[in-house]
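Engineer: what follows is a predicted structure for the sequence shown.
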Amino acid sequence: MSEKRGPFYLLTGLIIGAVVGVLATRLLLPVRYTDTEPSTLRTDQREVYRNLVSRAYLAEADVNRARSRLNLLKDTAMVEELIAQAQNALASTDQQANARAMALLAAALSKTGIQVTPLPGVVTPLVMTEATSTPGAVVKTITPTAAASQTAITSTPAITASLRATATPQPTQGSPYQMVSKEDVCLPGAAPLMRIHVQDSQGNPVMGVKIEITLVNSAPAYFFTGLYPEID
């Protein structure tokens, strides 16, 4: 007599095989992605990508190239993502340079006509040595005398001279910003808002200036100018 089995043992085998396969691909043999599109990156990797694009923008000052690189992320709000990441970076003391780079790039993407001076390349210092005297090296000079068969030999130390190192003048930093004017604006029904406009000596808006606001019994707040160029 043969025992009849239902289809449940087949279903159990399929479930066990699926579970083993998932665990194997997740733990033992995870999938490694290479040369993928930036739009498929995780959230933390997308932040690293924006940071690299912003730092490259400071070095190249090419806003069109930076825009093309950010378009690969396929963000629905590219500038808003940069601004939000720059604001989050301000909370970390070791991310101040990255926050400034993202603030400048966000301002350049939002407002046309903004120019950023590219960062200078790395210059390898030239090592200069001072003039040294080599006592072991001698120069023989033959002096003729009355007797043709006799010669007098004198030793003259040879000096090898090289250029002396000269100090490179360092540029002097500009004077700090000063408050020129202050105006109180009353807007009924609006929330309290502080607007700070930073301009150079020619009256042009300055981006990337770090502002620190300290209030009584509260932690200091930080932000960079240029994050919202539509205001000014």
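Structural biologist: Cool, the structure landed.
Engineer: rest of the way, CA atoms for contacts and neighbours
Structural biologist: OK.
Engineer: any idea how far T34 is from the residue nearest to V31 when sequence neighbours are not counted?
Structural biologist: Distances taken as Cα to Cα, 6 or more residues apart in numbering put T25 closest to V31, at 6.9 Å, once the chain neighbours are dropped. According to Cα to Cα, to the nearest Å, T25 stands 17 Å off from T34.
Engineer: the more surrounded of those two?
Structural biologist: Between T25 and T34, counting by other Cα atoms under 10 Å, T25 is the more crowded of the two (11 against 6).
Engineer: how far away is the more buried one from R42?
Structural biologist: Distance from T25 to R42, by Cα to Cα: 19 Å.
Engineer: and S68, by the same measure?
Structural biologist: With distances taken as Cα to Cα, S68 is found 19 Å from R42.
Engineer: immediately after the helix or strand where T12 lies, which helix or strand?
Structural biologist: Element membership for T12, per DSSP states H and E: helix 8-23. For helix 8-23, the following helix or strand on the C-terminal side (DSSP H and E) is helix 43-60.
Engineer: next secondary structure element downstream of that following helix?
Structural biologist: Going C-terminal from helix 43-60, and assigning secondary structure by DSSP H and E, you next hit helix 63-71.
Engineer: show me how this structure divides into domains.
Structural biologist: Domain assignment of the chain by the TED database yields the ranges 38-110, 194-231.
Engineer: export those to TSV and tack on distance to L29, mean pLDDT and mean neighbour count?
Structural biologist: As requested, the domains of the chain are exported to TSV (distance: least, Cα to Cα, whole Å; pLDDT from 0 to 100; neighbours: other Cα atoms under 10 Å):
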stretch	distance to L29	mean pLDDT	mean neighbour count
domain 38-110	20	90	18
domain 194-231	44	72	13
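Engineer: please convert those to a markdown table, extending it with distance to L11.
Structural biologist: Formatted as a markdown table, the entries for those read as follows, by distance: least, Cα to Cα, whole Å:
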| stretch | distance to L11 |
| --- | --- |
| domain 38-110 | 35 |
| domain 194-231 | 58 |
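Engineer: what sits against K210?
Structural biologist: R100, Y222, F223, F224, T225 (Cα atoms under 8 Å, 6 or more residues apart in numbering).
Engineer: before we move on, which element is the first one in?
Structural biologist: To tie it back to what came earlier, the one meant is R100. Element membership for R100, per DSSP H and E: helix 96-110.
Engineer: so which of the domains of the chain is nearest G17?
Structural biologist: For the domains of the chain, the distance to G17 is smallest for domain 38-110, at 28.9 Å, taking Cα to Cα.
Engineer: now the terminal residues of the closest one, how far apart.
Structural biologist: Between the start and the finish of domain 38-110 there is a gap of 22 Å, counting by Cα to Cα.
Engineer: also stretch 68-81?
Structural biologist: 15 Å.
Engineer: same check on stretch 206-225?
Structural biologist: Per Cα to Cα, stretch 206-225 runs 7 Å from first to last residue.
Engineer: could we number from 43 for the rest of this?
Structural biologist: New numbering, starting at 43: the last item is stretch 248-267.
Engineer: okay, the angle between the helix holding R142 and helix 105-113?
Structural biologist: Note on geometry: by axes from the mean of the first three to the mean of the last three Cα atoms, to 10 degrees, helix 138-152 and helix 105-113 are set 100 degrees apart in direction.
Engineer: now the contacts of K252 in a markdown table, with distance to H239 and secondary structure?
Structural biologist: Below are those laid out as a markdown table (distance: Cα to Cα, whole Å; DSSP: H, G, I helix; E, B strand; the rest coil):
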| residue | distance to H239 | secondary structure |
| --- | --- | --- |
| R142 | 17 | helix |
| Y264 | 15 | strand |
| F265 | 13 | strand |
| F266 | 11 | strand |
| T267 | 8 | coil |
